[in-house]
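*Asks:* Any chance you could fold what I've pasted below:
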Amino acid sequence: MAWFKKTKDIKADKKVKIPEGLWVKCDSCREIIYRKEIDRNLKICPKCNYHFRISARERIKLLVDEGSFVEMDAGLSSDDPLDFRDKISYRDRMEENRVRSGLDEAALYGEATIEGHPVIVVIMDFSFMGGSMGSVVGEKVVRAAEAGIETRRPLITVASSGGARMQEGMFSLMQMARVSAAIGRLTDNGILYLSVLADPTFGGVTASFAMLGDIIIAEPRSLIGFAGPRVIEQTIKQQLPEDFQRAEFLLERGFIDTIVDRKDLKKTVSRIIELLA
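*Replies:* Purely as a prediction, here's the structure:
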């Protein structure tokens, strides 16, 4: 009996604790993958090529030349024009997102170079309130377009957003018109505008600057649309086609120009600038 008891104690002592967050389940193929393998592969699933969401800072490191990005208007942050409150106040929700994401807003912009080509870039971050476009995000896109006109630099935007920010009501919806007009002025001045769509890109962002690019690029399997597929199905009472609103679906129907893997994005953007800027 003592022998059996001893064996039991030894087995208990040999229990292995697996650190939390060591493995990641792919949202597309549902495979369980070692997190470090995902990180080494630029946050791309090695099994199915699904592109995980990445932060604005990570995107800058991948897209522009090292050390070339100079952020502009970093201190801009949203006010609370409607004194909005749901479960918590809008001001408190903004502060929560600032702490969690390390950003002041859902987008940042500035000057940079891509393989030596001077550009203005706007990068959205879905981790900040779903990348929603409020008055400050709209203002940053407008100022980026104006900087492109002033410096004669191509404008590159990377969109990842759930749409307009409901906490700002009409102030948020007005940004669609403002940013579209700013892109129009950019085009009138002959400045190249490239729009990159990452997963997901929806709502007022899709309905404004995201789909106004001279060239529209999407990452593989990105969800792109105005309303979500579930809302559309409930509205029209019909089942949608397979892969509806995926980048590949939109490419076949001419809504976007090309699909580019994340690892090839910098090279592709540089090549387009060489040809068109």
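*Asks:* what about this protein, any weak spots by pLDDT?
*Replies:* In the predicted model, the chain carries pLDDT under 70 at residues 1-20.
*Asks:* let's see it at 50
*Replies:* For the chain, applying pLDDT under 50 flags the ranges 10, 12.
*Asks:* show me where it has helices.
*Replies:* Ranges of helices in the chain, per DSSP state H, are 2-13, 35-40, 56-63, 90-101, 135-151, 169-188, 203-206, 229-236, 247-252, 265-276.
*Asks:* In the second one, which residues are buried?
*Replies:* Looking back up the chat, that one is helix 35-40. residue 38 (16 or more other C-beta atoms under 10 Å). Bear in mind the C-beta positions are built from the backbone N, C-alpha and C, glycine included.
*Asks:* C-alpha coordinates for it, CSV please?
*Replies:* Output in CSV follows, covering the C-alpha atoms of helix 35-40 (Å, rounded to 0.1, in the frame of the first residue of the first chain):
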residue,chain,number,x,y,z
ARG,A,35,2.3,31.6,-30.6
LYS,A,36,6.0,32.2,-31.3
GLU,A,37,5.6,30.6,-34.6
ILE,A,38,2.8,33.0,-35.5
ASP,A,39,4.9,36.0,-34.3
ARG,A,40,7.9,34.8,-36.4
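*Asks:* contacts for that helix?
*Replies:* With C-beta atoms under 8 Å, 6 or more residues apart in numbering as the contact definition, helix 35-40 has outside contacts at 21, 22, 23, 24, 44, 45, 46, 52.
*Asks:* Mark which of these are part of strands, please.
*Replies:* Judged by DSSP state E, the subset of those located in strands is 23, 24.
*Asks:* ok, the contacts of helix 35-40 vs residue 234, which is closest?
*Replies:* residue 52 (28.1 Å; C-beta to C-beta).
*Asks:* Next up, the contacts around that closest one.
*Replies:* Applying C-beta under 8 Å, 6+ apart, the residues near residue 52 are 24, 27, 38, 43, 44, 45.
*Asks:* Fine, thanks again, bye for now.
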